[in-house]
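Peer 1: Okay, here's the prediction I keep looking at, along with the sequence it came from:
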Amino acid sequence: MTDLTIDAVLIGIGATIFMDVIALLRSRLLSIPSLNYAMVGRWLGHLPNGTIVHRPISKSSRVRGESALGWAAHYLVGIVFAAVFLSLAGAEWLEHATLLPPLMFGVLTALVPFLILQPCLGAGIAARKTPRPNVARLSSLFTHASFGLGLWVASQGYAHMLQG
């Protein structure tokens, strides 16, 4: 494995864990639900049959192991996002990590659910078919910003681990 791959795996997992902890706190303290990753797994499980768009995903038939599949995909996407960010930011950023670049990148990653996942799950582009689209949009932006913050937090922990 290359250094970038190792960096991306460790920082991507760390950032995704950070994002999940923030989502758990939001859920417990503010009663704001997070994405049900079983629905992501259900969507992925239907892809081999050629079903890309669901209307909505909750009405589609269950897929065996959908929760595990959805969570695995969630962490894989976190690793891929970390790899893209680290490739763009370069080794210099990792050596002297600042907060603004990963935070901006995290917010930009919200384009993926807005333009791909939400339409495919039946929620429309940028959640326009949901009961409260602006709330869903802000929630996605907040979640992805927390991923960006997680990239910075994970990189700090990773740098500390490498130095220790």
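Peer 2: Right, received. Where do you want to start?
Peer 1: any low-confidence regions in this structure?
Peer 2: Along the chain, the model assigns pLDDT under 70 to residues 2.
Peer 1: Quick check: nearest residue in space to the residue nearest the centre of the chain, chain neighbours excluded?
Peer 2: Centroid-nearest residue in the chain: Gly78, 5.4 Å away (criterion: CA atoms, centre = their mean). Nearest in space to Gly78, with sequence neighbours left out and distances taken as CB to CB, 6 or more residues apart in numbering, is Thr16 at 3.3 Å. For every residue, glycine as well, the C-beta is placed using N, CA and C.
Peer 1: now swap in Phe114 and tell me
Peer 2: Excluding the flanking residues, the one nearest Phe114 by CB to CB, 6+ apart is Ala126, at 4.3 Å.
Peer 1: And for Arg55?
Peer 2: In space, Arg55 is closest to Gly122, 4.6 Å off (CB to CB, 6+ apart).
Peer 1: Neighbours of the one you found, how many?
Peer 2: Number of residues near Gly122 (other CB atoms under 10 Å) recorded here: 18.
Peer 1: give the contact list for it.
Peer 2: When contacts are counted by CB atoms under 8 Å, 6 or more residues apart in numbering, Gly122 touches 53-59, 129.
Peer 1: For PyMOL, write the selection for the buried entries among those residues.
Peer 2: One line in PyMOL is enough to select the buried ones among the contacts of Gly122; burial here means 16 or more other CB atoms under 10 Å:
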select buried, resi 54+57+129
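Peer 1: for the contacts of Gly122, which one is nearest Arg42?
Peer 2: Within the contacts of Gly122, the smallest distance to Arg42 is 5.8 Å, found for Ile57 (CB to CB).
Peer 1: Surely His46 and Arg64 touch.
Peer 2: No: between His46 and Arg64 there is no contact under CB atoms under 8 Å: 11.8 Å.
Peer 1: between the two, who's got more neighbours?
Peer 2: A count of neighbours by other CB under 10 Å puts His46 above the other of His46 and Arg64, at 19 against 8.
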